[in-house]
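*Asks:* Coordinates for the following, if possible.
(3 chains)
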Amino acid sequence: MPELPEVETVRRALQATVTGRTIRSVRLSGLALREPIPRGFAKQVAGHRLTAARRLGKYLLLDLDGGLTMLSHLGMSGRWLFFPEPPSSDMPHVHARLRFTDGAELWFQDPRRFGLLRAVATERLERDRSLALVGVDPIQNPPAGAWLHARARGTRIAVKQFLLDQKRVAGIGNIYASEILHRAAVHPRLRAGRVPGEGWEAIAREIRAVLNEAIDRNGTTFSMYRTMWNEPGAYGDQLRVYDRSGEPCRTCGTPIRRIVQGARATFFCPRCQPASPRAARRSRGPRRRHSTAKPSVRQRQTRRKATSSGS
DNA sequence: ATCCTATCCTGTAGGC
DNA sequence: TGCCTACAGGATAGGA
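*Replies:* Just a heads-up that it's a prediction; the model follows:
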């Protein structure tokens, strides 16, 4: 569920609320997530104060004093929930409850249990078996088009799959991969090794633009994602292709198509994202979104709607 | 080495 | 209404 913008939204909320608080005690559900929460977790973190909330790709890093870091991943359905005063009624699928010395609580809820929660010595984070596999973070360290181009040389996987691989660029998931490729005008099935340099320049540009715009809107709520304040993300209105199968492309009106790649849905516009570079050159003439001086009526409406509906 | 498939789990939407 | 199936924002072990 949560991709980089959703995780960043959660990180900011955690940074603003739980840093400075000291953990008094921890209760665990005992159910395994992606892997079991380690037995000693509660004892490790109890008594320590949260000093910072960081993020790497889709991983959240909650630093504690004393050189310890809580490493968490939200998987498909994970949420961190903060309660200044914890509710008396129980909630389902809560796997960890951190109680602070002031009575506030932080809960980790995860119905599908694909998430992750463990404590790692801060100085050993780079060697953590999960984090060690995480590639560059596109917000902290935006990859240049040439860098992506070089990384893609010789690889035969589709460019959509390339963007989903967390070992290269970390944080892009299934929604934003489709969105980035549409805005970059690159067909998702193109082999990454065959995407031309100008394609990678466009992809690099749109990775930054899409992720930053999504962060500005607190992410996308497709079905279950909520911010830590239980509010939906507002980027949903901005989606150009994701989950819009059959609906008109917001750029050219052509019906959006849904295909399956690696058992995941991909959405794209067959006209804006031609299957071959040759076809791309052929069709580039009539509609040049990025070079027209005047935004289209539709673009202006979208912009106005976005600014007026912002929280 | 690289790439692909299946798998973990629950909730929900849509078809009948 | 209820039952059934398909699918969902992720990561990864293991096989090809």
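
*Asks:* quick one: contacts for the closest residue in space to residue A:251 that isn't next to it in sequence?
*Replies:* Excluding its sequence neighbours, the residue lying closest to residue A:251 (CB to CB, 6 or more residues apart in numbering) is residue A:272, at 5.4 Å. Every residue, glycine included, has its C-beta placed from N, CA and C. Contact analysis of residue A:272 by CB atoms under 8 Å, 6 or more residues apart in numbering lists A:182, A:185, A:249, A:251, A:252, A:254, A:287.

*Asks:* gap between the residue in the stretch 51-200 of chain A that DNA strand B sits nearest to and DNA strand C?
*Replies:* Among all residues of the stretch 51-200 of chain A, residue A:112 sits closest to DNA strand B, at 3.3 Å; criterion: CB to the nearest atom of the strand. Between residue A:112 and DNA strand C the computed distance is 6 Å (CB to the nearest atom of the strand, to the nearest Å).

*Asks:* where does that residue land on pLDDT?
*Replies:* The model reports residue A:112 with a pLDDT of 96.

*Asks:* Setting the sequence-adjacent residues aside, check what's closest to residue A:232.
*Replies:* Nearest to residue A:232 is residue A:221, by CB to CB, 6+ apart, at 3.6 Å.

*Asks:* how about the one you found, phi and psi?
*Replies:* Residue A:221 adopts backbone torsions of phi -100, psi 110, taken as degrees, to the nearest 10.

*Asks:* how long is stretch A:267-276 end to end?
*Replies:* This stretch, stretch A:267-276, spans 17 Å end to end (CA to CA, to the nearest Å).

*Asks:* whoops, stretch A:42-53 was the one
*Replies:* Stretch A:42-53 end-to-end distance (CA to CA) = 19 Å.

*Asks:* and what of stretch A:53-68?
*Replies:* Start-to-end, stretch A:53-68 (CA to CA) is 12 Å.

*Asks:* If you count neighbours, what's buried in it?
*Replies:* Neighbour counts over stretch A:53-68 (16 or more other CB atoms under 10 Å) mark A:53, A:55, A:56, A:57, A:58, A:59, A:60, A:61, A:62, A:63, A:64, A:68 as buried.

*Asks:* Tell me which stretches of the stretch 151-300 of chain A form strands.
*Replies:* Taking DSSP state E, counting those that start in this stretch as the test, the strands found in the stretch 151-300 of chain A are A:257-261, A:264-268.

*Asks:* Just give me the neighbour total for the residue of the stretch 51-200 of chain A closest to DNA strand B.
*Replies:* Neighbours of residue A:112 under the rule other CB atoms under 10 Å: 14.

*Asks:* Show me the shaky parts of the stretch 201-311 of chain A.
*Replies:* A:277-311 (pLDDT under 70).

*Asks:* So the residue nearest to residue A:258 when sequence neighbours are not counted versus DNA strand C, what's the distance?
*Replies:* Take residue A:258 and drop its neighbours on the chain: the residue closest to it by CB to CB, 6+ apart is residue A:245, 3.9 Å away. For residue A:245, the distance to DNA strand C equals 9 Å [CB to the nearest atom of the strand].

*Asks:* got a list of what residue A:245 touches?
*Replies:* By CB under 8 Å, 6+ apart, the neighbours of residue A:245 are A:256, A:257, A:258, A:267.

*Asks:* Of these - the most surrounded one?
*Replies:* Greatest neighbour count in the contacts of residue A:245, by other CB under 10 Å, goes to residue A:267: 24 neighbours.

*Asks:* doesn't residue A:257 make contact with it?
*Replies:* Yes - with contacts counted by CB atoms under 8 Å, residue A:267 reaches residue A:257, the gap being 7.1 Å.

*Asks:* ok, the residue lying closest to residue A:32 once chain neighbours are set aside - contacts?
*Replies:* Nearest residue to residue A:32, sequence neighbours excluded (CB to CB, 6+ apart): residue A:113, at 6.9 Å. Applying CB under 8 Å, 6+ apart to residue A:113 gives the contacts A:31, A:32, A:33, A:34, A:75, A:93, A:95.

*Asks:* And the residue of the stretch 151-300 of chain A closest to DNA strand C?
*Replies:* For the stretch 151-300 of chain A, CB to the nearest atom of the strand, closest residue to DNA strand C: residue A:173, 2.1 Å.

*Asks:* What degree of burial does that residue show, as a neighbour count?
*Replies:* Neighbours of residue A:173 (other CB under 10 Å): 21.

*Asks:* shouldn't it be in contact with residue A:166?
*Replies:* No - with contacts counted by CB under 8 Å, residue A:173 stays clear of residue A:166, the gap being 9.2 Å.
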